[in-house]
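Asker: Mind folding the following:
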Amino acid sequence: MNTSSYLSGVVEQTNTFADWVHDKDAATPVPTCPKWTVADLVDHVGSTQRMVAMLVGERMLEPSNAFARYVPAPTDPAEWRAWLTQGAAEAKQAFESVTDDTPVWDPSGADAGVPFWSRRLFGEASVHRADAAAALGVPYELAPERAVAAIEDWLDTLTSRGYWENRPDFADALRGDGQTLHFHATDATGEWLARREPDQVALERAHADADVTVSGPAVDLLLVLSRRRPLAAASSLAIDGDRALLDLWINHMDWVTD
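Answerer: So this is what the prediction gives:
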């Protein structure tokens, strides 16, 4: 997927999310984010999209101005649909005003800029729509190719240099001496090999033998890796190898839920 495709996906998924949460009880708990209510979820989705729209649209090389201009969600759930759809549209418009090589700050440590943020917003929309589905009891669907793109975002973000440096708990837990995990989507093109090294988690897009392999439909793989579905409830996934290594990995995949 390219930047335009990512943002079209963001708008589409946010519009669905907005329809789901419109005028719902703000205090409804979100079981996949135990500290959040639906009001918190709505606020996070909409305010994040607006912050990224500011970063990208104003070509910010330092993020404090965007953080300082935080836009909270309306307190009235009847206003949520319009607020969310407007935020997604503003984000799409901001990305249409730049090119992939426009300098923009991002937290990856790789100066990935515009491409980082377009994919990150898509990953956010994919995972948080799953949160809304869990909270409101509606079915969650995502095309396999899009689920692969969301997995790519999740794994690449959580193995980035910036994440490693800013989350010492993750770095301490995931340091290793070459242990490997292989994730394989069986209904779309998507394979990843994560290798635990002393100073990083190295991520490759490859098929390879590993200490543990997890394979199955892309959407189920996404929900398990993002901790939106317990591994025990994902009967469609096949696990081959060191289950304890997989449990360690999943237990530290908590970037969005913190």
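Asker: and the gap between Ser64 and Met51?
Answerer: Going from Ser64 to Met51 by CB to CB, to the nearest Å gives 11 Å. No exception for glycine: its C-beta is placed from N, CA and C like everyone else's.
Asker: I meant Asp100, not that one.
Answerer: 20 Å.
Asker: Repeat that for Thr14.
Answerer: For Thr14 relative to Met51 (CB to CB), the value is 14 Å.
Asker: And the two? Which one has more around it.
Answerer: Neighbour totals were compared for Thr14 and Met51, and Thr14 leads with 26 against 21 (other CB atoms under 10 Å).
Asker: What are the contacting residues of the helix or strand that contains the more buried one?
Answerer: Thr14 belongs to helix 3-21 when elements are defined using DSSP states H and E. The contact list for helix 3-21 (CB atoms under 8 Å, 6 or more residues apart in numbering) reads 1, 38, 41-42, 45, 49, 77, 80-81, 84-85, 87-89, 91-92, 95-96, 100, 114-115, 118-119, 121-122, 125-126, 128-129, 132-133, 136, 138, 146, 149.
Asker: Show me just the buried residues among these.
Answerer: Buried positions within those, assessed by neighbour count (16 or more other CB atoms under 10 Å), are 1, 38, 41-42, 45, 49, 77, 80-81, 84-85, 87-89, 91-92, 95, 114-115, 118-119, 121-122, 125-126, 128-129, 132-133, 146, 149.
Asker: Sort out for me which of these are in helices.
Answerer: Mapping the buried ones among the contacts of helix 3-21 onto helices (DSSP state H) picks out 38, 41-42, 45, 49, 80-81, 84-85, 87-89, 91-92, 95, 114-115, 118-119, 121-122, 125-126, 128-129, 132-133, 146, 149.
Asker: so what's the residue lying closest to Gly241 once chain neighbours are set aside bridging to?
Answerer: Nearest non-adjacent residue to Gly241, counting by CB to CB, 6 or more residues apart in numbering: Val212, 3.6 Å away. Beta bridges link Val212 to Leu181, Gly241, judged by DSSP bridges.
Asker: same check, this time on Ala185
Answerer: Here Ala185 sits in beta bridges with Gly216, going by DSSP bridges.
Asker: measure it to Ala78 for me?
Answerer: Where Ala78 is concerned, Ala185 sits at a distance of 39 Å (CB to CB).
Asker: Of those two, which one has the most company?
Answerer: Set Ala185 next to Ala78 and count neighbours by other CB under 10 Å: Ala185 wins out with 23 against 10.
Asker: got the contact list for the more buried one?
Answerer: Pro144, Ala147, Val148, Ile151, Glu191, Ser215, Gly216, Pro217, Ala218, Leu221.
Asker: All set now, cheers.
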